[in-house]
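J.: Structural data only, the sequence is not supplied:
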Ligand code: AMP
Ligand code: ZN
């Protein structure tokens, strides 16, 4: 897609710090890292989000994420890696080209904002109703 910054990276029109590439996928460093080693994995074909990406590209991105995570672990001795993927402006997706964030937790470094939240028990009736709504939406196309 013409105006997409990640498509431009795929085409080599904008530079990146590449860590992995295959026929379907490119992985490169996030230039505003949440922690050292913060890496993005993208399909080479443009798709805005999880709803749009093809099953084949989705599988390829996640296969690659396994390889890259092992590399991050080896290189940085991370104590954990958060895989985060945002869909839509409401959850602060900024680049509208599907991307999976791999964000390592470095031992001794701060907690990751994306992997630590307060556990507050929910209302079981409300959870049940919401589950039914989602399930019905799935079953009724
Ligand atoms: P998101 O909120 O999931 O859409 O995140 C987009 C991510 O892309 C942010 O973490 C940005 O730092 C990152 N980003 C934007 N432009 C570039 C770029 N040219 N090279 C590497 N990372 C980028
Ligand atoms: Zn794109």
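T.: Thanks, I have the structure now. Small disclaimer: the values here were computed from a predicted structure and weren't measured. Numbers count the residues shown, from 1 in each chain. Ligands and ions are numbered 1, 2, ... in the order given.

J.: CA only for contacts and neighbour counts going forward, please
T.: OK.

J.: per-residue confidence for the residue lying farthest from the centre of the chain?
T.: Going by CA atoms, centre = their mean, the residue of the chain most distant from its centre is residue 125, 31.4 Å out. We have a pLDDT of 98 for residue 125.

J.: With residue 141 instead?
T.: Reported pLDDT for residue 141: 68.

J.: Please shift the residue numbers so they start at 31 in all later answers.
T.: Okay, residue one is now 31; in that scheme the one you just asked about reads as residue 171.

J.: Now do the buried residues in the helix of greatest length in the chain.
T.: In the chain, assigned by DSSP state H, the helix with the most residues is helix 85-106. By 16 or more other CA atoms under 10 Å, the buried positions in helix 85-106 come out as 87-88, 90-92, 94-95, 98-99, 102-103.

J.: Pull the residues that contact the next helix or strand after it.
T.: Reading on from helix 85-106 to the C-terminus, the next helix or strand found by DSSP states H and E is strand 110-114. Residues external to strand 110-114 that are found in contact with it (CA atoms under 8 Å, 6 or more residues apart in numbering): 99, 130-136, 144-145.

J.: How about stretch 91-99?
T.: Contact with stretch 91-99 is made by 49-50, 54-55, 57, 71-73, 111, 130, 132, as judged by CA under 8 Å, 6+ apart.

J.: Would you check how far apart the closest residue to residue 126 other than its chain neighbours and residue 62 are?
T.: Closest residue to residue 126 apart from its sequence neighbours, by CA to CA, 6 or more residues apart in numbering: residue 78 at 4.7 Å. Applying CA to CA, to the nearest Å, the value for residue 78 to residue 62 is 20 Å.

J.: Can you flag the buried ones in the contacts of stretch 91-99?
T.: Listed as buried from the contacts of stretch 91-99 are 54-55, 57, 71-73, 111, 130, 132; burial here means 16+ other CA under 10 Å.

J.: before we move on, the earlier item: would you say the residue farthest from the centre of the chain is within a helix?
T.: Yes - counting by DSSP: H, G, I helix; E, B strand; the rest coil, residue 155 falls inside a helix.
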